[in-house]
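Chemist: predicted model and sequence follow; I will ask about them next.
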Amino acid sequence: MSHPTRVGMISLGCAKNLVDAEVMLGHLDAAGCELVAEPGDADVVVVNTCAFIESAREESVQAILEAAELKRTGRARKLIVAGCLVQRYGDELRQALPEVDAFVDLDQVPAIAALSGVSAPGLASDLPLLAARPAARTRRATWLYDDAEPRIRATPPWTAYVKIAEGCDHSCAFCAIPTFRGAFRSRDPASVVREATALAQAGVREINLVAQDSSHYGRDLGPGHGLAELLERLDSVPGLRWIRVHYLYPNTLSDRVLAAMARLPRVVPYVDLPLQHAHGDVLARMRRGGSAESHLRLLDRIRAAMPDVTLRTTFLVGFPGESESEFDTLLEFLDTARFDHVGVFDYSHEEGTHGHALADDVPAQVKNERKARLLERQQPIAFARNAARVGTRVEVLVEGVHPETEHLLVGRTRGQAREVDGQMLLNDGFAEAGRLVSAEITDSAGYDLVGAILGPA
C-alpha cells in the first residue's frame, strides 16, 4: 500500500514569512500529505525563501542547493521553491536552477499542493507539474491570507504569530519589500479576531501580531478600524493571556494606540519600534524622516503612557554617505534612549530601491565595525536594565527544560519576545511548558534574567 506523500518544509526569513510557510503546510496537510520534520525524510522538499537583503538571498540559495542534493542522494523526488525570492527573482531562478521542479510565488501560496504535484494519498505524482506563472521581476503580490486558510503552526503550542496586514506603503530608501510584497493591505478585523479565538481555543496563550507596519493597520479600511480598535477586540478573546505587537513604525504610532496598549490588560507593554538611525540627515536620505530629538520625544510619550514598557529597536549602519560624525550621533542617542533590546543590520545595496541610486560608499569593513561598536555600546545598557529588575515579581511564560541542563527551566517575561530577546532562567520551582507563572527575579545573567517560581500567575 502506498504511503501519503511526505513533505518537508524549510522556512527562512522573518515571522511574516513563517506564517506563509504555515499556511502552505496547512494546504499540503489538507491535500493528504504527511508532514515530516526532517527534509531528508521527505518525498517533496519545499524551501520557503527570503529576499530581503543579500545575506538572506545567499542563505536561501544555499538552502535550495542543499535541498537539491537531497534529490540526488536521498529519497526526495521533487524540490519546490516558494516565497519572496520567487516573487522578486522568479525569471532568474527558473534559468539558474533547473533542478527545481516548481516555483511558487506569494500569490500562489494557496495553490502549493497543486503546484507541488502531490496527490492524496500516494506518492508525488510523476505527471508534469503545473508551471508557476511567468513573472516579470518585482511583480507586486496581492494575496492576503485570512482565517479560512488551513494552517499548521510551526511554533510551540502556546504561542503563535498572527499576520494582521501584508505589504507596505512606505518608500524607505533601503527596503525593496514594497516592490515584491505589494501595497499595504489590512486583514478584515473580524477575520483576525476569529483566528485569535480559534488559536486560544487550541491552547495558544500568546499571540504575536506582525505586519510590515503594524501601527498602520486599518488605515486602508476606513475610520474605526485602526490598530487600537483591533487590540480592544482581541483583548476580549477568552483564553488569550498575552498580546504582543511587533514592528510599530515611529511615524504612524499614535497616542490612541499607546493609550490602548496601556489600558488593555492582555496587551503586553512591549514596543518594537524600528528607528533605523538617529541622525536627521541620514534619516532624510533613508526617506524616513525624524531625528534624535524627535525620537526621544516619541520615547518620552511611550514611557509616559506605559511606565513599565520594554523598548526594542533596530538600527541600520553603513547607509550611503553615513559619516563618522553621523554614526557618533547614533552612539550618543543610544546612551540617552536606554533601550532594553537592540538589533543592528549593516546596509545592503538593493536594486529596485531609492538607495540604489546612491553610491554604496561605506566600505564593508567599516559597516561591520560600526555594527560591532553599536552592539558593544548597547551591551552595558541592556545588562544594567536587567540588573535593575532584580527583586521584582513578573509573569513568566514557561517554555520547557533548558536544552543544556535539566536543572533549569526556560521561560520569557512579558518584556521578552520569542527568539529575538533574552530569556528567563528558572532555577527554583517547576511548571509545565506553556504555563504562565508568577516568579521573582533573583539575578541577572547578561541579556538573560534568573528567577524562582512563586506559583501560578
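Modeler: Perfect, thanks for sending it. Numbers count the residues shown, from 1 in each chain.

Chemist: top helix in the chain by residue count?
Modeler: Ranked by residue count under DSSP state H, the longest helix found in the chain is helix 364-387.

Chemist: show me what whatever helix or strand comes next after it is packed against.
Modeler: Toward the C-terminus, helix 364-387 is succeeded by strand 393-401 as the next helix or strand (DSSP states H and E). Judged by 3 or more C-beta pairs under 8 Å, 6 or more residues apart in numbering; DSSP states H and E, strand 393-401 is in contact with strand 409-413, strand 424-428, strand 436-445, strand 448-456. In short, each C-beta sits where N, CA and C put it, glycine included.

Chemist: run through the stretch 1-150 of the chain and note the low-pLDDT ranges.
Modeler: The model of the stretch 1-150 of the chain has pLDDT under 70 over residues 1-2, 119-138.

Chemist: ok, which stretches of it are helices?
Modeler: Remark: helices assigned in the stretch 1-150 of the chain by DSSP state H, counting those that start in this stretch are 15-30, 54-73, 84-96, 112-116.

Chemist: so what touches the second one?
Modeler: Just to be clear, that refers to helix 54-73. Outside helix 54-73, the residues that touch it by C-beta atoms under 8 Å, 6 or more residues apart in numbering are 10, 12-13, 39-40, 42, 45, 47, 49-51, 76-79, 81, 83, 85, 89, 97, 99-100, 348-350.

Chemist: helix 15-30 and that helix, what's the angle between them?
Modeler: Calculated by axes from the mean of the first three to the mean of the last three C-alpha atoms, to 10 degrees, helix 54-73 forms an angle of 30 degrees with helix 15-30.

Chemist: also the third one?
Modeler: Computed with the same axes, to 10 degrees, the direction of helix 84-96 lies at 70 degrees from that of helix 15-30.

Chemist: list the buried residues in helix 84-96.
Modeler: Neighbour-count burial for helix 84-96 flags 84-90, 93-94 (criterion: 16 or more other C-beta atoms under 10 Å).

Chemist: rewinding a little: mind listing what's buried in the longest helix of the chain?
Modeler: 366-367, 370-371, 373-374, 378, 381-382, 385-386.

Chemist: could you do stretch 283-299 as well?
Modeler: Taking 16+ other C-beta under 10 Å as the criterion, stretch 283-299 shows 283, 285-286, 288, 290-292, 294-295, 298-299 as buried.

Chemist: narrow those residues to those in helices?
Modeler: Taking DSSP H, the ones among the buried residues of stretch 283-299 that sit in helices are 283, 285, 292, 294-295, 298-299.

Chemist: who does the helix or strand containing residue 243 touch, helix- and strand-wise?
Modeler: Per DSSP H and E: residue 243 is located in strand 242-245. Contacting strand 242-245 under the criterion 3+ C-beta pairs under 8 Å, 6+ apart are the following elements: strand 206-210, helix 227-234, strand 270-272.

Chemist: and the angle from the longest one to strand 206-210?
Modeler: Angular relation of helix 227-234 and strand 206-210 on a 0 to 180 degree scale: 160 degrees, by the same axes, to 10 degrees.

Chemist: who does helix 227-234 touch, helix- and strand-wise?
Modeler: helix 189-201, strand 242-245, helix 255-263.

Chemist: any idea which of these gets closest to residue 270?
Modeler: strand 242-245 (5.6 Å; C-beta to C-beta).

Chemist: and that closest one, how far out from the chain's middle?
Modeler: Here the centre of strand 242-245 is set off from its chain's centre by 13 Å, with C-alpha atoms, centre = their mean, to the nearest Å.

Chemist: not counting it itself, show me its contacts.
Modeler: Outside strand 242-245, the residues touching it (C-beta under 8 Å, 6+ apart) are 205-209, 214, 227, 231, 234-235, 261, 264, 266-268, 270-272, 397, 414, 417.

Chemist: same thing with stretch 218-227?
Modeler: With contact meaning C-beta under 8 Å, 6+ apart, stretch 218-227 is reached by 184-186, 188-189, 214-217, 229-230, 245, 252, 254, 256-257, 260.

Chemist: report the buried members of these.
Modeler: Here, 16+ other C-beta under 10 Å leaves 184-186, 189, 214-217, 229-230, 245, 252, 257, 260 buried among the contacts of stretch 218-227.

Chemist: export the residues you listed as CSV, with columns for pLDDT and distance to residue 178.
Modeler: Shown next, in CSV, are the buried ones among the contacts of stretch 218-227 (pLDDT from 0 to 100; distance: C-beta to C-beta, whole Å):
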residue, pLDDT, distance to residue 178
184, 95, 8
185, 96, 12
186, 96, 15
189, 96, 23
214, 95, 16
215, 94, 16
216, 94, 12
217, 95, 16
229, 96, 25
230, 97, 22
245, 97, 21
252, 88, 15
257, 96, 22
260, 97, 27
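
Chemist: check those and tell me the two furthest apart.
Modeler: Pairwise distances across the buried ones among the contacts of stretch 218-227 (C-beta to C-beta) peak at 22.0 Å, for the pair 185 and 260.

Chemist: what residues sit buried inside stretch 188-200?
Modeler: Here stretch 188-200 shows 189, 191-193, 195-197, 199-200 as buried, counting by 16+ other C-beta under 10 Å.

Chemist: pull the CA atoms of that stretch into PDB?
Modeler: What follows is stretch 188-200 as a C-alpha-only set of coordinates in PDB (Å, rounded to 0.1, in the frame of the first residue of the first chain):
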ATOM      1  CA  ASP A 188     -10.600  42.200   8.000                       C
ATOM      2  CA  PRO A 189     -10.600  42.700  11.800                       C
ATOM      3  CA  ALA A 190     -13.300  40.100  12.200                       C
ATOM      4  CA  SER A 191     -11.100  37.600  10.400                       C
ATOM      5  CA  VAL A 192      -8.200  38.400  12.800                       C
ATOM      6  CA  VAL A 193     -10.500  38.000  15.800                       C
ATOM      7  CA  ARG A 194     -11.800  34.700  14.500                       C
ATOM      8  CA  GLU A 195      -8.300  33.400  14.100                       C
ATOM      9  CA  ALA A 196      -7.200  34.600  17.500                       C
ATOM     10  CA  THR A 197     -10.300  32.900  19.000                       C
ATOM     11  CA  ALA A 198      -9.500  29.600  17.300                       C
ATOM     12  CA  LEU A 199      -5.900  29.800  18.400                       C
ATOM     13  CA  ALA A 200      -6.900  30.400  22.000                       C
END
